[in-house]
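S.K.: need the 3D shape of this:
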Amino acid sequence: MPNRLPMPTAAEPLLNTPEFTVSELSQSLKRTVEDTYGHVRVRGEISGFRGAHSSGHCYFALKDESAKIEAVIWKGVHGRMRFKPQEGLEVIATGKLTTYPGSSKYQIVIEALEPAGIGALMALMEERKRKLAAEGLFDEARKQLLPWLPEVIGVVTSPTGAVIRDILHRLEDRFPRHVLVWPVKVQGEGSAEQVAAAIRGFNALPEGGKIPRPDVLIVARGGGSLEDLWSFNEEIVVRAAAESMIPLISAVGHETDITLIDFVADKRAPTPTAAAEMAVPVRSDLFVEVGDLGRRTRSCWQRGQESRRSELRAAARALPAAGDLLAIPRQRLDSAGASLPRCLKANTHAHFRRFTAAGAKLTLRVLHGQIAQADHRLTVCGERLGLSTRSLLRRRRDRFAGLEVRLRASKLSNAQAQRNAIHRQRERTHRLAERAGRALVTLLQRLDARVENSGKLLSALSYRGVLARGFALVRDEAGHPLHSADSVGPGARVEIEFADGRVGATADADRAAPTAKRAPAQAKAAAQEAKPAPKRVGKPVDQGNLF
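M.R.: Numbers count the residues shown, from 1 in each chain. Below you'll find the model as predicted:
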């Protein structure tokens with residue numbers, strides 16, 4: 001067989017393959033990646049973000065369900081960003097891919113950052129805003145004035161968040177009021193329907209009902225992203241706020257957060273705490289203002305009184321004397337009195353001439369004609385009076401018939417209303433009687449328990465309990481208890497009390513006298529007891545030695 005060329009083995013290197021240094025290979029990969037992916041948009045969730053580095057750069061990662069890519073934001077770009085990165089936020093990052101030779105990994109250098117879907121949400125919000133504004137829901141003429149001092153405040157918010165506590169604390173500090181809370185979800189599925197139902201529910205409460213109707217409403221929520229606050233951009237919530245007949249304050253998010261309910265609300269508050277401040281005044285300031293107004297009123301009244309008093313004194317000095325004022329009227333009266341007889345005669349003469357002229361014209365024919373005319377007028381007036389009377393009676397009869405019908409209906413309605421009121425009061429009386437009975441039973445049970453506990457305590461502290469355990473109490477003739485054997489002299493008469501009764505006893509006559517350290521009174525009693533005591537009738541002679 002012919003000779004064949006030897007084949008190179010796998011272990012032998014290929015001499016014609018170019019060699020790269022590690023740096024050259026890293027730079028080649030870097031150029032390839034940057035040329036191919038010089039501008040990309042990546043959507044993912046921020047992971048591992050701990051704030052800006054001491055150098056000002058930001059390092060974190062973008063991840064989804066199955067992959068993760070490292071990301072970096074340089075200091076200058078981070079300072080110009082309107083939207084800052086946050087841990088766990090889903091964002092759309094715009095930038096370029098590059099590699100980091102120091103650790104042989106690729107990363108994205110971010111140049112712009114925005115929340116995922118915020119562009120579409122903002123466009124939808126602006127479109128909905130234009131639509132509702134065209135319907136006139138945002139007009140200032142539709143907005144109501146807030147009550148100066150509401151009696152009841154309705155709050156639509158989550159019952160477990162810090163918002164309701166901030167509102168209650170602020171109301172307590174400024175002017176405590178009755179607060180009704182309608183608990184709702186403020187984020188997530190179904191939250192918009194709950195908020196709209198709460199607003200309409202407060203408006204549906206009747207005046208003077210069992211649950212008081214609020215004088216002002218506060219729709220509140222804490223801060224958050226646009227997606228978190230989206231429930232308050234829903235059309236159902238905006239229309240419910242526009243239909244509210246109760247003045248409404250919007251306090252959704254922080255001061256920089258804007259939602260559509262802010263435009264339709266009667267008042268927008270930057271924070272829930274500010275909403276509580278808008279709802280009520282400061283009670284201490286009102287006290288100060290009322291006191292200041294009272295002082296100013298008293299001061300004005302005093303100055304007015306002093307001014308009128310000065311004017312009165314000045315007018316009194318300017319008035320002439322009473323005699324001077326009455327001098328001319330008195331003179332006119334004297335002149336009129338002097339001319340009165342002459343004037344009376346002239347007046348009588350003039351009336352006599354007019355009477356004579358009238359008598360000359362008055363003849364019998366004229367009198368008959370006037371009487372006939374008067375009789376005719378009287379007849380006509382009598383007929384007209386009869387017609388008018390009948391017409392008036394007919395109208396009055398019809399009117400009284402209508403009033404009778406209305407009065408009967410009103411009487412029935414009033415009687416029904418009174419029966420309903422009596423029924424309600426009877427039910428209320430029964431409820432109060434039941435509550436009073438339960439309260440009395442509870443009170444008696446507590447008193448019985450206290451008496452029983454006191455009896456147990458008295459039994460525990462009484463000396464009779466000690467006697468019941470087999471002990472005895474020794475008293476002298478005066479009934480004083482004896483505490484030591486030295487206080488009993490020879491032949492002294494003592495009384496021993498057991499649990500079931502008392503017996504008398506006499507100390508041994510041969511017992512030594514008590515020591516000198518006993519009290520003088522006890523020594524005297526012992527000396528008296530040392531004398532022979534008369535025998536007691538009905539007692540056994542041999543009593544034994546007690547000590």
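S.K.: from the chain's centre, how far out does the helix or strand hosting Glu452 sit?
M.R.: Assessed by DSSP states H and E, Glu452 sits inside helix 364-461. Taking C-alpha atoms, centre = their mean, to the nearest Å, one finds helix 364-461 lying 39 Å from the centre of the chain it belongs to.
S.K.: run a quick neighbour tally on Val237.
M.R.: 27 (other C-beta atoms under 10 Å). Yep, even glycine has a C-beta here, placed from its N, CA and C like the rest.
S.K.: now it: how far from Arg330?
M.R.: As judged by C-beta to C-beta, to the nearest Å, Val237 and Arg330 stand 89 Å apart.
S.K.: am I right that Val219 is in a strand?
M.R.: Yes - inclusion of Val219 in a strand is indicated when DSSP: H, G, I helix; E, B strand; the rest coil is applied.
S.K.: can you verify my assumption that it contacts Gly154?
M.R.: No - with contact defined as C-beta atoms under 8 Å, Val219 does not reach Gly154; the gap is 9.4 Å.
S.K.: the two - which one has more neighbours?
M.R.: Counted by other C-beta under 10 Å, Val219 and Gly154 do not tie: Val219 has more neighbours, with 31 against 26.
S.K.: okay, and the beta partners of the more buried one?
M.R.: Judged by DSSP bridges, the bridge partners of Val219 are Val156, Ser250.
S.K.: contact partners for it?
M.R.: Shown in contact with Val219 (C-beta atoms under 8 Å, 6 or more residues apart in numbering): 156-157, 195, 199, 232, 241, 248-252, 261, 265.
S.K.: Val109 bridge partners, please.
M.R.: Val72, Lys96.
S.K.: quick one on the thing from earlier: helix or strand right after the helix holding Glu452?
M.R.: Downstream of helix 364-461, the first helix or strand assigned by DSSP H and E is helix 463-468.
S.K.: can I get that following helix as PDB, trimmed to CA atoms?
M.R.: The C-alpha trace of helix 463-468 is given here as PDB (Å, rounded to 0.1, in the frame of the first residue of the first chain):
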ATOM      1  CA  TYR A 463     -60.900  35.200 113.700                       C
ATOM      2  CA  ARG A 464     -63.800  32.700 113.800                       C
ATOM      3  CA  GLY A 465     -62.200  31.000 110.800                       C
ATOM      4  CA  VAL A 466     -59.200  30.400 113.100                       C
ATOM      5  CA  LEU A 467     -61.400  29.100 115.800                       C
ATOM      6  CA  ALA A 468     -63.000  26.700 113.300                       C
END
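S.K.: just to revisit the earlier point, need the contacts of Val219 in JSON lines (columns: distance to Arg475).
M.R.: Output for these, formatted as JSON lines (distance: C-beta to C-beta, whole Å):
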{"residue": "Val156", "distance to Arg475": "79"}
{"residue": "Thr157", "distance to Arg475": "76"}
{"residue": "Val195", "distance to Arg475": "84"}
{"residue": "Ile199", "distance to Arg475": "84"}
{"residue": "Phe232", "distance to Arg475": "88"}
{"residue": "Ala241", "distance to Arg475": "89"}
{"residue": "Leu248", "distance to Arg475": "85"}
{"residue": "Ile249", "distance to Arg475": "82"}
{"residue": "Ser250", "distance to Arg475": "86"}
{"residue": "Ala251", "distance to Arg475": "81"}
{"residue": "Val252", "distance to Arg475": "85"}
{"residue": "Ile261", "distance to Arg475": "89"}
{"residue": "Ala265", "distance to Arg475": "88"}
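S.K.: ok, so of the residues you listed, who is nearest Lys75?
M.R.: Nearest to Lys75 among these, counting by C-beta to C-beta, is Val252 at 34.3 Å.
S.K.: from memory that closest one sits against Asp262, does it?
M.R.: Yes - with contact defined as C-beta under 8 Å, Val252 reaches Asp262; the gap is 6.8 Å.
S.K.: more neighbours: those two, which one.
M.R.: Val252 (31 against 22).
S.K.: phi, psi of that one?
M.R.: phi -100, psi 120 (degrees, to the nearest 10).
S.K.: ditto for Ala93
M.R.: Dihedral angles of Ala93 (phi, psi; degrees, to the nearest 10) stand at phi -100, psi 130.
S.K.: could you do Thr271 as well?
M.R.: The phi/psi pair for Thr271 (degrees, to the nearest 10) reads phi -140, psi 160.
S.K.: for this structure, what spans make up the helices?
M.R.: For the chain, the helices defined by DSSP state H occupy 22-36, 75-80, 118-134, 162-174, 191-204, 235-243, 260-264, 272-279, 283-318, 322-361, 364-461, 463-468, 520-529.
S.K.: so which of these is nearest Val503?
M.R.: The closest approach between Val503 and any of the helices of the chain, judged by C-beta to C-beta, belongs to helix 463-468 at 13.0 Å.
S.K.: quick one: buried residues of the closest one?
M.R.: In terms of neighbour count (16 or more other C-beta atoms under 10 Å), helix 463-468 has no buried residues at all.
S.K.: quick one: average pLDDT of it?
M.R.: For helix 463-468, mean pLDDT is 79.
S.K.: just to revisit the earlier point, which stretch in the helices of the chain is the model least sure about?
M.R.: Note on these: helix 520-529 shows the lowest mean pLDDT, a mean of 48.
S.K.: rewinding a little: and the helices of the chain: which comes nearest Pro490?
M.R.: Proximity to Pro490 (C-beta to C-beta) singles out helix 520-529 among the helices of the chain, at 7.3 Å.
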